[in-house]
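K.L.:
Test case, fold it:
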Amino acid sequence: MELRSASVSNHSDDFRRRETFLPFSPPYITEEEIAAVVDTLRTDWITTGPKTKRFEEEFAAYIGAEAALALNSCTGGLHVALAALGIREGDEVITTPITFASTANVIEHLHATSVFADVEPDTLTIDPAKVAEKITPRTKAIMPVHYAGHPADMRPLMELARQHNLYVVEDAAHSLPAFYEEQRIGTIGDLTAFSFYATKNITTAEGGMLTGNGERIQDSRLWSLHGMSRDAWQRYSKEGNWFYEIVVPGFKYNMTDIQAALGLVQLTRLQAFQQRRRQIVDRYNAAFSQIAALQTPTERPNVESAWHLYVLRLKLEQLSINRARFIEHLKDHNIGTSVHFIPVHMHPYYRERYHLKPEDFPVAYAEYQRYLSLPLHPRLSDQDVDDVISAVSEIARRYRR
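P.N.:
Numbers count the residues shown, from 1 in each chain. Predicted coordinates for the structure are as follows:
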């Protein structure tokens, strides 16, 4: 749907202020997705069933992974991955402070120890050199996050894992679809978790997928549904059997066929979604690279980013306002934004449990104070993109030192 803009007098003659608020990242749902959900509701299977199985198969084929497990969230994927790999109390898992808290929360759920390593300044993904410094005899896994859709530097991370006999569990919540050195994310580490949350590159409203080899996915499947040896589809279909056993003390993370119906349609639209995302990124980069007070995101030559987020960084020394004020001015101009993320080590639980200070991870802390995420989704019209560019440019000009 096109959102209208109106010209009004402002600081600059060519500035256009929107009449209506531009949401940061709404889902892109069409009649095709709605029809698929309605079709599911008219069947006998609305929980985990044949459409979930089909979604797993089609997603694995798209990624090029041996197997996939559909879940109710990426968080659930990370949790069952660590559990299936045997992470337990006393073990250490190294991850990044620049992520949503769920990445570290799942480590805590297993009574293991979260160990943070600082990020690289250009990509804001975990720094392999800092990971190497954090490895101890208790380290059991590395959990990189492909921040904003840009893959972490996986080659040195996988080499560290081989040297120290560690697992690699990738948090790919942002990185469908992304490539690292011509290898698709989801096929590199031991297990990889994706997100289909409402704001993600494809959505099932809530949902996630875990990819890996067949044996590890089967182990994860046990943990994902109470530790049962058979799920509902295997018990209640005509070919099923009522008998089951509890093999491990599992969780409740299964995806429903209602969610899978959404995912099956969204997966067919992913290529078009990504084409539009890249068009928007190119326009943002062309505009903002001309403004001295702004730093555009990095895409290294050996990767293809999924461009889940467009993370703009402010050169605060060239501005008379801070990030919070910049965001408020964008809101005044009807532009929605967000901040990804408050570093995990700054939240009270982690700060107090591990006796951490913000400056313990200087790159993460410094960059956090100057980044913000701009609207980036395939529903944006050309006029919407113009409005974002105009508002950001106007504020940067108005408040330049």
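K.L.:
Tell me which stretches of the stretch 201-350 of the chain form strands.
P.N.:
All strands of the stretch 201-350 of the chain, identified by DSSP state E, counting those that start in this stretch, fall at 208-212, 294-295, 303-304, 310-314.
K.L.:
Repeat that for the stretch 1-150 of the chain.
P.N.:
5-7, 16-18, 67-71, 92-95, 113-116, 139-143.
K.L.:
now, of these, which is deepest in the fold?
P.N.:
Using mean count of other Cβ atoms under 10 Å, the stretch among the strands of the stretch 1-150 of the chain with the largest mean neighbour count is strand 67-71, at a mean of 27. For glycine as for every other residue, the C-beta is placed from the backbone atoms N, C-alpha and C.
K.L.:
Next, the angle from that one to strand 208-212.
P.N.:
Put simply, strand 67-71 runs at 160 degrees to strand 208-212, going by axes from the mean of the first three to the mean of the last three Cα atoms, to 10 degrees.
K.L.:
Just the mean pLDDT for strand 67-71, thanks.
P.N.:
Here strand 67-71 scores 98 as its mean pLDDT.
K.L.:
Off-centre distance for it?
P.N.:
Centroid displacement of strand 67-71 relative to its chain, using Cα atoms, centre = their mean, to the nearest Å, is 17 Å.
K.L.:
now do stretch 282-298
P.N.:
Offset of stretch 282-298 from its chain centre (Cα atoms, centre = their mean): 23 Å.
K.L.:
Span of that stretch from start to end?
P.N.:
End-to-end span of stretch 282-298 (Cα to Cα, to the nearest Å): 12 Å.
K.L.:
Next: stretch 225-245.
P.N.:
Stretch 225-245: ends 12 Å apart by Cα to Cα.
K.L.:
Tell me who's in contact with Tyr310.
P.N.:
Ala148, Ile280, Val281, Tyr284, Pro297, Ser373, Leu374, Pro375, Leu376 (Cβ atoms under 8 Å, 6 or more residues apart in numbering).
K.L.:
what about the nearest residue to the first one once chain neighbours are set aside, distance to Lys315?
P.N.:
Spatial nearest neighbour of Ala148, excluding adjacent residues (Cβ to Cβ, 6 or more residues apart in numbering): Leu309 at 3.9 Å. From Leu309 over to Lys315 the distance is 19 Å, taken as Cβ to Cβ, to the nearest Å.
K.L.:
With Phe361 instead?
P.N.:
Here Phe361 is placed at a distance of 21 Å from Lys315 (Cβ to Cβ).
K.L.:
Check the average confidence over stretch 276-294, would you?
P.N.:
So the average pLDDT for stretch 276-294 ends up being 98.
K.L.:
Mind listing residues that contact it?
P.N.:
The contact list for stretch 276-294 (Cβ under 8 Å, 6+ apart) reads 201, 296-297, 307, 310, 312-315, 318-319, 374, 376-378, 380, 385, 388-389, 392-393, 396-397, 400.
K.L.:
Which among these count as buried?
P.N.:
201, 296-297, 307, 310, 312-314, 319, 374, 376-378, 380, 385, 388-389, 392-393, 396 (16 or more other Cβ atoms under 10 Å).
K.L.:
Let's see which of those residues end up in helices.
P.N.:
Applying DSSP state H to the buried ones among the contacts of stretch 276-294, the entries found in helices are Val385, Val388, Ile389, Val392, Ser393, Ala396.
K.L.:
I'd say the fourth one and Leu312 touch.
P.N.:
Yes: under the criterion of Cβ atoms under 8 Å, Val392 is in contact with Leu312, at a separation of 7.2 Å.
K.L.:
Now find how far off-centre the biggest helix by length in the chain is within its chain.
P.N.:
For the chain, the helix with the greatest residue count under DSSP H is helix 257-288. Offset of helix 257-288 from its chain centre (Cα atoms, centre = their mean): 14 Å.
K.L.:
What residues of it count as buried?
P.N.:
Here helix 257-288 shows 257-267, 270, 273-274, 276-277, 280-281, 283-284, 287-288 as buried, counting by 16+ other Cβ under 10 Å.
K.L.:
Export stretch 203-219 to PDB, keeping only CA atoms.
P.N.:
Provided in PDB are the C-alpha atoms of stretch 203-219 (Å, rounded to 0.1, in the frame of the first residue of the first chain):
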ATOM      1  CA  THR A 203       7.600 -15.000   8.500                       C
ATOM      2  CA  THR A 204       5.400 -17.600  10.100                       C
ATOM      3  CA  ALA A 205       4.300 -15.000  12.700                       C
ATOM      4  CA  GLU A 206       6.400 -16.800  15.300                       C
ATOM      5  CA  GLY A 207       8.600 -19.700  14.300                       C
ATOM      6  CA  GLY A 208      12.100 -21.000  13.500                       C
ATOM      7  CA  MET A 209      14.100 -23.700  11.800                       C
ATOM      8  CA  LEU A 210      17.100 -25.700  12.700                       C
ATOM      9  CA  THR A 211      19.400 -27.100  10.000                       C
ATOM     10  CA  GLY A 212      22.200 -29.700  10.200                       C
ATOM     11  CA  ASN A 213      23.100 -33.200   9.400                       C
ATOM     12  CA  GLY A 214      20.400 -35.900   9.800                       C
ATOM     13  CA  GLU A 215      21.700 -37.400  13.000                       C
ATOM     14  CA  ARG A 216      22.000 -34.100  14.800                       C
ATOM     15  CA  ILE A 217      18.600 -33.000  13.600                       C
ATOM     16  CA  GLN A 218      17.000 -36.200  14.800                       C
ATOM     17  CA  ASP A 219      18.700 -35.700  18.200                       C
END
